[in-house]
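Student: whatever this is, show me its structure:
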Amino acid sequence: MPRVAAERDKYVKRGDVPVILDGKAVMEVLGIPSSPLVGTAIRHLQEVHLQRGSLAFHEAVAELRR
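Tutor: Predicted structure coming up:
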C-alpha cells in the first residue's frame, strides 16, 4: 500500500503547502496550454517550498524555467 499512496501523491496538489504561482501563471511562464504538466509544475513548486522554504515570485519563475 505505501507504493500506491506514493504514486497517488505525485498527482495530488497538497492543500497544506502554499504556492506562489497558480495554474494560469504557470501556463503563462511556461508558454503551455492547460494540461497535466501544469499540475506537475505546481507540485514541483510545492516540493521546492517544503525543501527550501517560501519562494518569492521571481524565484518560482526561475525554478519553473529550469
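Student: any idea how far the most centrally placed residue in the chain is from residue 58?
Tutor: The centre of the chain sits closest to residue 42, judged by Cα atoms, centre = their mean, with a distance of 1.7 Å. Using Cβ to Cβ, to the nearest Å, one obtains 17 Å as the distance from residue 42 to residue 58. The way it works is simple: take the backbone N, C-alpha and C, and place the C-beta from them, glycine included.
Student: cool, and residue 18?
Tutor: 16 Å.
Student: same check on residue 41?
Tutor: Plainly put, residue 41 is 16 Å away from residue 58 if you go by Cβ to Cβ.
Student: where is the longest helix in the protein?
Tutor: Among the elements of type helix in the chain, defined by DSSP state H, the one spanning the most residues is helix 36-52.
Student: low-confidence ranges, this protein, go.
Tutor: Within the chain, the stretches falling below the threshold (pLDDT under 70) are 1-15.
Student: compare residue 41 and residue 58 (neighbour count), which wins?
Tutor: Neighbours per residue, other Cβ atoms under 10 Å: of residue 41 and residue 58, the larger number sits with residue 41, 23 against 9.
Student: could I get the contacting residues of that one?
Tutor: Contacts of residue 41 were listed using Cβ atoms under 8 Å, 6 or more residues apart in numbering, and they are 26, 30, 64.
Student: now do the SS call for the residue lying closest to residue 56 once chain neighbours are set aside.
Tutor: What sits nearest to residue 56 in space, not counting adjacent residues and going by Cβ to Cβ, 6 or more residues apart in numbering, is residue 20, at 7.2 Å. Using DSSP: H, G, I helix; E, B strand; the rest coil, the structure places residue 20 in coil.
Student: number the residues from 45 up from this point.
Tutor: Okay, residue one is now 45; in that scheme the one you just asked about reads as residue 64.
Student: what sits against residue 64?
Tutor: By Cβ under 8 Å, 6+ apart, the neighbours of residue 64 are 89, 98-101, 104.
Student: one more: residue 109?
Tutor: Contacts for residue 109 (Cβ under 8 Å, 6+ apart) come out as 73-74.
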